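J.: task: produce atomic coordinates for the following.
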Amino acid sequence: MQSIKQVLSGESLGQPVSIRGWIYRTRSSGGIVFAVIRDSSGIVQTTVKKGDVPDENFGPASNAGIESAVEVEGILAEDDRAPGGLEIRASSFKVVAPSEPFPITEYQSTELLLDKRHLWIRSREQTAVTKIKAAMLRGAREWFHENDYVEVTPPMITAVAPEDSTTLFQIKYFDRIAYLSQSAQFYLESLIYSCERVWALTPSFRAEKSRTPRHLAEYWHLEMEAAWVNNDDNMKVQEELVTAMLEHAAAGCRAELQLLKRDPASLRKISPPFDRMSYAEAMDSLQAGGCEVSWGSDLGAVEERALTKERETPLFVVNYPKELKPFYMKENPEDSRTYKNSDLLAPEGYGEIIGGSERETDNSLMVDRLKEIGESLENYQWYLDLRKYGSVPHSGFGLGLERMVTWVCRLEHIRDATPFPRTVARVYP
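T.: Numbering: from 1, shown residues only. Next up is the predicted model:
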């Protein structure tokens, strides 16, 4: 058996080929059936003529509906009317498993597609997104390996909140209360004292009642922490990592990107260094553009879009006010109102994909900040211990994988960047 991608290479033109897959669409005209077959690698047209296939093949081929599983043998021939300009003229067409009438037709509501997500992920668009996402992850994993980072496996059940404690999912953990992790950061920080450079890919959970096109309740979080790295070095790591992920997507998923209307060349143009803008400069730019913001305003989807919609490469916004960010970030010595941190915004208006910072090494400052926000010091004692025994300058970041995929694939909604989205309104299927 050959993959459809292999068949469409044209190397077997005029020769026998054999494929197996599912019927993508089909129609019949008298004694001939035109069936477009899909597998994981693409689609190809087959023509099944009465008399060219065994009689026991033609009837089932005529009656087989969309998503029926089939095996086809025949001669590969040119036909300008066929997808890809090639078709298989069948000598054998076996229906391995017929399909009932498929419940998804050409025009369906978003809610139906979400209810039938287990079937909708068979679509070519969803398959393309899945493959592009996998290529990006391969790029990330290879970059980390080549740069001496150790992949680690932090827990998903935790007693503390590295981000916003009001958005934790609470669970009953035996005879006590625990939470689903928002971030693996604290655990990664503990590992830098042995491994120095670590990273992890884990699910993160946010109980935010957000119904925007860029929020999920469960998403995949690619996080890094490294010893002896300041905030400027941290941004350089992000630039190189993102570039490697884009290169793998462009190199390995050309057809999938084109299906989603993304030119692979546009991704290959992106390379370090990325532009940088201070938070203060961002406020000035937004105000000049008519946005009603001032010092202390957070950057939401509207503001991030305004800053990036005309850009073709990512943008760092650096040195946010302390009140907008978590307690563990390093104070900016050049402006004590701010932290040494950055958010990386995707171009074309897609907004934040990475948040990172240099981490605070002064326990007294972190204790004061925890008290200010009303957190229990007891819950954070193990984290504070890290600064007591040979603390060093260090930095890290978290990359929201689905947000990056949304940008790369030019998706309208983040839910299409993952096979089974979990949102405030949906936990089925």
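J.: in the stretch 151-300 of the chain, which spans are strands?
T.: Secondary structure of the stretch 151-300 of the chain (DSSP state E, counting those that start in this stretch): strands at 157-158, 169-173, 176-180, 197-205, 218-227, 275-278.
J.: wait, which of these is closest to Val36?
T.: The closest approach between Val36 and any of the strands of the stretch 151-300 of the chain, judged by C-beta to C-beta, belongs to strand 218-227 at 32.7 Å. Where you see a C-beta, it was placed from the backbone N, CA and C, and this is true even at glycine.
J.: could I get the strands of the stretch 151-300 of the chain in JSON lines, plus columns for mean pLDDT, mean neighbour count and distance to Leu286?
T.: Output for the strands of the stretch 151-300 of the chain, formatted as JSON lines (pLDDT from 0 to 100; neighbours: other C-beta atoms under 10 Å; distance: least, C-beta to C-beta, whole Å):
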{"stretch": "strand 157-158", "mean pLDDT": "96", "mean neighbour count": "15", "distance to Leu286": "35"}
{"stretch": "strand 169-173", "mean pLDDT": "95", "mean neighbour count": "11", "distance to Leu286": "33"}
{"stretch": "strand 176-180", "mean pLDDT": "94", "mean neighbour count": "15", "distance to Leu286": "34"}
{"stretch": "strand 197-205", "mean pLDDT": "98", "mean neighbour count": "21", "distance to Leu286": "28"}
{"stretch": "strand 218-227", "mean pLDDT": "98", "mean neighbour count": "22", "distance to Leu286": "27"}
{"stretch": "strand 275-278", "mean pLDDT": "98", "mean neighbour count": "16", "distance to Leu286": "11"}
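J.: between the ones you listed, which one is closest to Glu111.
T.: When those are ranked by proximity to Glu111, the top entry is strand 218-227, at 19.4 Å, counting by C-beta to C-beta.
J.: sheet-wise, list the partners of the closest one with their directions.
T.: In the sheet containing strand 218-227, the strands it pairs with under DSSP bridges are strand 197-205 (antiparallel), strand 394-400 (antiparallel).
J.: and the contacts of the last one?
T.: If you take C-beta atoms under 8 Å, 6 or more residues apart in numbering as the criterion, strand 394-400 is touched by 183, 185, 188-189, 192, 204, 219-231, 233-234, 237-238, 241-242, 352-359, 361.
J.: which of the residues you listed fall within helices?
T.: Among the contacts of strand 394-400, the members falling in helices are 185, 188-189, 192, 231, 233-234, 237-238, 241-242 (criterion: DSSP state H).
J.: closest one of the residues you listed to Gly85?
T.: Val242 (35.9 Å).
J.: okay, now the residue found closest to the closest one once you drop the neighbours it is linked to in the chain: neighbour count?
T.: On the basis of C-beta to C-beta, 6 or more residues apart in numbering, the spatially nearest residue to Val242 that is not a chain neighbour turns out to be Pro314, at 6.7 Å. Other residues lying near Pro314 total 25 when counted by other C-beta atoms under 10 Å.
J.: for the one 5 residues further on, same thing?
T.: Taking other C-beta under 10 Å as the neighbour definition, Asn319 ends up with a count of 22.
J.: same question, Gln182
T.: Gln182: 22 neighbours (other C-beta under 10 Å).
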